[in-house]
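Chemist: Compute the structure for the input listed below.
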Amino acid sequence: MEKDLSNYRKSYEKGELLLNEVSQNPMELFQKWFYEVDTFFAEEETNAMTISTLGLDGYPKNRIVLLKRFTYEGFIFYTNYNSEKGKAIENNPNVCLSFFWHGAERQIIIKGKAEKIAENLSDGYFESRPRGSQLGALVSNQSDVIKDRQYIEDKLSKLEKEYEGKEIPRPSHWGGYIVKPIQIEFWQGRPNRLHDRIRYSLQEDYNWLINRLSP
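Modeler: Got it, this is the predicted structure:
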């Protein structure tokens, strides 16, 4: 099977990113871009991001997760600590996050280190989730091989009865990570493939070095 995609082309013309107009802290620019995309463009899940880890088998792997909070310190998401990604992070906390907002013709690439957040913060977020999502965290041994769909459906039904009218506890193997960035690159599509790329790199004094990169 073969399909030639060489004629798939698009001209990027929706914005610009100028070095003399960016803030000194990349989290401020991230907040500005996130707000603009969430408000003015038809992104279904503005907080959907790709996380890349280096697996125990030595291969990198990408998957989509949902950003649930961001602060000056970093980016927070939640998952099963025993999942493939959780085991990869435990072995090597160096990860890469990326956002691609096609409506705004923008991309952000974040290199950083992932670490578990405090248990009380994971507890607080878990309590805010719908009961179905809480039960889902108990049902799924994420990334494990299962024999069929019916296996988890039956497991869910059993837990629904077990916790009927009761508070659902956060499983100890489920919680949040914060990715603390060491480098953030902002990409704005421009005509003729002369895209704007601004890179922030964290320095030893915790200030950010800002450079424009060739497209």
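
Chemist: When you work out contacts or count neighbours from here on, use the C-alpha atoms and nothing else.
Modeler: Fine.

Chemist: Can you give me the neighbour number for residue 182?
Modeler: Residues lying near residue 182 (other CA atoms under 10 Å) number 16.

Chemist: what does residue 81 give?
Modeler: 21.

Chemist: Give me the most central residue, the chain.
Modeler: residue 49 (3.6 Å; CA atoms, centre = their mean).

Chemist: Looks like it contacts residue 68 (just checking).
Modeler: No: taking contacts as CA atoms under 8 Å, residue 49 lies outside contact range of residue 68: 10.4 Å.

Chemist: Which helix or strand contains residue 172?
Modeler: Assigned by DSSP states H and E, residue 172 belongs to no helix or strand.

Chemist: got a pLDDT number for it?
Modeler: Listed pLDDT for residue 172 reads 94.

Chemist: repeat for residue 6
Modeler: Reading off the model, residue 6 has pLDDT 87.

Chemist: Counting by contacts, list what the top strand by length along the chain packs against.
Modeler: Looking across the chain with DSSP state E, the single longest strand is strand 174-188. On a contact count with 3 or more CA pairs under 8 Å, 6 or more residues apart in numbering; DSSP states H and E, strand 174-188 meets strand 75-80, strand 106-116, helix 119-128, strand 196-202.

Chemist: re earlier: give me the element the residue nearest to the centre of the chain is part of.
Modeler: Assigned by DSSP H and E, residue 49 belongs to strand 48-54.

Chemist: Next secondary structure element downstream of that strand?
Modeler: Following strand 48-54 in sequence order, the next helix or strand is strand 60-66 (DSSP H and E).

Chemist: what packs against the next helix or strand after that following strand?
Modeler: For strand 60-66, the following helix or strand on the C-terminal side (DSSP H and E) is strand 69-70. Judged by 3+ CA pairs under 8 Å, 6+ apart, the packing partners of strand 69-70 are strand 75-80.

Chemist: remind me which residues of this structure are low pLDDT?
Modeler: For the chain, applying pLDDT under 70 flags no range at all.

Chemist: Okay, buried residues for the longest strand of the chain please.
Modeler: When burial is assessed from 16 or more other CA atoms under 10 Å, strand 174-188 yields the following buried residues: 174-188.

Chemist: Run the angle between it and strand 75-80 for me.
Modeler: On the basis of axes from the mean of the first three to the mean of the last three CA atoms, to 10 degrees, strand 174-188 is oriented at 140 degrees to strand 75-80.

Chemist: picking up where we left off before, tell me the one of the buried residues of strand 174-188 nearest residue 160?
Modeler: Nearest to residue 160 among the buried residues of strand 174-188: residue 174, at 18.6 Å, using CA to CA.

Chemist: Name whatever forms a beta bridge with that closest one.
Modeler: residue 80 (DSSP bridges).

Chemist: How much space separates it from residue 150?
Modeler: Distance of residue 174 to residue 150, given as CA to CA, to the nearest Å: 23 Å.
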